[in-house]
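Engineer: sharing a model that was predicted from the sequence below.
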Amino acid sequence: MRKIIPINLPQIDEQEIAMVDKVLKSGVLTTRVTSGSMVGRFEKAFSEFVKAKHAVAVNSGTAALHMALMTTGVKARDEVILPSFTFISTAEAVVLTGAKPVFVDINPKTYNVDLQKIEESITPKTRAIMPVDLYGLSAEMKEIREIAEKHGLAIVEDAAQAHGATYLGKSPGYFADFACWSFYASKNMTTGEGGMITTNDDKWAETLRCIRSHGEKEEYVSSVLGHNYRMPEMEAAIGIVQLKKLPTFAEKRRRNAQFLTEKLNEIERLHMPIEPRGYRHSWYLYTVRLRESDKRERDEVARKLRERGVGATVYYRVPIHLMPYYRRFTKHSLPETEKASEQVFSLPVHPGVTSKEIQYVADSVVRVLKNFAHL
């Protein structure tokens, strides 16, 4: 069987191993107090990297989203506007607060939330907007900020896929009240699991730190409703090293993405990913779209690529509003979301993909599509 080029692969070496070894030898594996800890060091480095006043490390990107919504005061019977074309955790965090997710359609060119649909979906119950920087391309955050201010809404930006991305020269979170990040194993940088919340608001940062550890402002005394969302020291140790490598990782992703665009741009049936002026894509996923196709055709193309050893993967095959649990929140169809879910597939561009392999990926896509006469 041909060795597959995976869609993503953690880039770990002896530096991360040495940092984890240091934690294990210290005997301090987790702590409530971040001052002087690996968690504290990681938070400081990350806040400086994204130019945010505060960074609060947690044990997953989902925890980050949930905590941010809790901090804004989103509660039962409130509504939160978000896209359906994203990973489940975005909607999951809303439901965990007791609020109702209000799914809106996407811009078919960027796959990010459609600004007009946001405006159309605002009601007296709306409390927050959750834009997603899908595949690593920022949402139109300046315009979303304007909408939020007009209606008195909070913004929780899901930046789980946007490490190293910028929009109008700013990192994710600049136009939002919170940016929420994931360090899952497939992400542009990883801690294994893990997440981070960044904010420029002192009071909200204090609340986030309380929620993270059972609502405690002082040990064993809960002041607010909290959870156990702490990041372990070993994860933070990995994160410190990974963050230093992130610019190099990002440049390798960019180089691979540019190569694919150059090689595949002439295929008429492929809609290529874009990087609009003023944006810097993180290229977490290099996602192409098979024009005028249905799910069956797209799936067959992806299958043929995998047979050739190219880890073509579909993100996201089933939009959240069509999932069994979330259908109860769905009032109407989302045509652009549903169409995209049947036509997109992603190709490997992660930092471990060599120049020889990225050439093979491009050649394989060309060959597979040529063999489909009807394509």
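Structural biologist: That came in fine, so what should we check first?
Engineer: I figured Ala185 was touching Pro10, is that so?
Structural biologist: Yes - using C-beta atoms under 8 Å, Ala185 is in contact with Pro10, at 5.2 Å. Just so you know, the C-beta spots here come from the backbone N, C-alpha and C atoms, and that holds for glycine as well.
Engineer: of those two, who's got more company?
Structural biologist: More neighbours surround Pro10 than the other of Ala185 and Pro10, with 18 against 14 (other C-beta atoms under 10 Å).
Engineer: who's in contact with that one?
Structural biologist: Ala185, Ser186, Thr190 (C-beta atoms under 8 Å, 6 or more residues apart in numbering).
Engineer: nearest to Asp78, of those residues?
Structural biologist: Closest approach between the contacts of Pro10 and Asp78, by C-beta to C-beta: Ser186, at 31.4 Å.
Engineer: OK, contacts around that closest one?
Structural biologist: Counting by C-beta under 8 Å, 6+ apart, Ser186 makes contact with Ile7, Asn8, Pro10.
Engineer: try Gly311
Structural biologist: Ile4, Ile5, Pro6, Ile7, Pro348 are the contacts of Gly311 under C-beta under 8 Å, 6+ apart.
Engineer: can you show me the strands along this structure?
Structural biologist: For the chain, the strands defined by DSSP state E cover 54-58, 79-83, 100-104, 126-129, 154-158, 166-167, 178-182, 195-199, 216-218, 221-222, 270-271, 279-280, 286-290, 344-347.
Engineer: so what touches the last one?
Structural biologist: In this case it means strand 344-347. By C-beta under 8 Å, 6+ apart, strand 344-347 touches 7, 111, 135, 260, 285-290, 298, 301-302, 305, 310, 312-315, 361, 365.
Engineer: can you give me the neighbour number for Thr337?
Structural biologist: 25.
Engineer: for it, what are its contacts?
Structural biologist: Pro83, Ser84, Phe85, Phe103, Asp105, Ile106, Pro319, His321.
Engineer: dump these into a markdown table; add neighbour count as well.
Structural biologist: Conversion of these to a markdown table gives the following (neighbours: other C-beta atoms under 10 Å):
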| residue | neighbour count |
| --- | --- |
| Pro83 | 30 |
| Ser84 | 27 |
| Phe85 | 27 |
| Phe103 | 25 |
| Asp105 | 26 |
| Ile106 | 25 |
| Pro319 | 23 |
| His321 | 24 |
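Engineer: mind putting these in CSV, distance to Trp204 included?
Structural biologist: Formatted as CSV, those follow (distance: C-beta to C-beta, whole Å):
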residue, distance to Trp204
Pro83, 24
Ser84, 27
Phe85, 28
Phe103, 26
Asp105, 30
Ile106, 28
Pro319, 31
His321, 29
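Engineer: list the buried residues of stretch 251-268.
Structural biologist: For stretch 251-268, the buried set under the neighbour-count rule, 16 or more other C-beta atoms under 10 Å, comprises Lys252, Arg253, Arg254, Asn256, Ala257, Phe259, Leu260, Thr261, Lys263, Leu264, Ile267.
Engineer: next: stretch 21-32.
Structural biologist: Buried positions in stretch 21-32, judged by neighbour count with 16+ other C-beta under 10 Å: Val23, Thr30, Thr31.
Engineer: quick one: the closest residue to the last one other than its chain neighbours from Met231, how far?
Structural biologist: I take that to be Thr31. Excluding the flanking residues, the one nearest Thr31 by C-beta to C-beta, 6 or more residues apart in numbering is Ser37, at 5.1 Å. Counting by C-beta to C-beta, to the nearest Å, the gap from Ser37 to Met231 is 10 Å.
Engineer: those two - which one has more neighbours?
Structural biologist: The residue with more neighbours, out of Ser37 and Met231, is Met231; 29 against 21, by other C-beta under 10 Å.
Engineer: contacting residues for that one?
Structural biologist: Counted by C-beta under 8 Å, 6+ apart, Met231 has contacts Val39, Phe42, Ala57, Val58, Asn59, Thr191, Gly194, Gly195.
Engineer: before we move on, the earlier item: what's the closest of the contacts of Gly311 to Ser223?
Structural biologist: Ile7 (43.0 Å).
Engineer: that closest one against Val353, yeah?
Structural biologist: No - Ile7 is not in contact with Val353 according to C-beta under 8 Å; the separation is 9.9 Å.
Engineer: who's more crowded, these two?
Structural biologist: Val353 (26 against 21).
Engineer: backbone dihedrals for the more buried one, please?
Structural biologist: Main-chain torsions, Val353, degrees, to the nearest 10: phi -80, psi 120.
Engineer: returning to that earlier point: mark which of the contacts of strand 344-347 are part of helices, please.
Structural biologist: Leu260, Arg298, Val301, Ala302, Leu305, Val361, Val365 (DSSP state H).
Engineer: most neighbours among the residues you listed, please name it.
Structural biologist: In terms of neighbours by other C-beta under 10 Å, the ones in helices among the contacts of strand 344-347 top out with Val361 at 26 neighbours.
Engineer: which non-adjacent residue is nearest that residue?
Structural biologist: Val310 (5.2 Å).
Engineer: before we move on, what about Pro351?
Structural biologist: Lys252 (4.0 Å).
Engineer: against Pro10, how distant is that neighbour?
Structural biologist: Separation of Lys252 from Pro10 (C-beta to C-beta) stands at 14 Å.
Engineer: roughly how far apart are the residue nearest to Glu338 when sequence neighbours are not counted and Leu134?
Structural biologist: Distances taken as C-beta to C-beta, 6+ apart place Pro319 nearest to Glu338, at 6.3 Å, with adjacent residues excluded. Between Pro319 and Leu134 the computed distance is 12 Å (C-beta to C-beta).
Engineer: which residues are in contact with both of these two?
Structural biologist: Phe85.
Engineer: contacting residues around the residue nearest to His163 when sequence neighbours are not counted?
Structural biologist: Residue nearest to His163 in three dimensions, not counting chain neighbours: Asn188, with 4.0 Å by C-beta to C-beta, 6+ apart. The contact partners of Asn188, taken as C-beta under 8 Å, 6+ apart, are Gly136, Gln161, His163, Gly164, Leu246, Phe249, Ala250, Arg253, Ser282, Tyr284.
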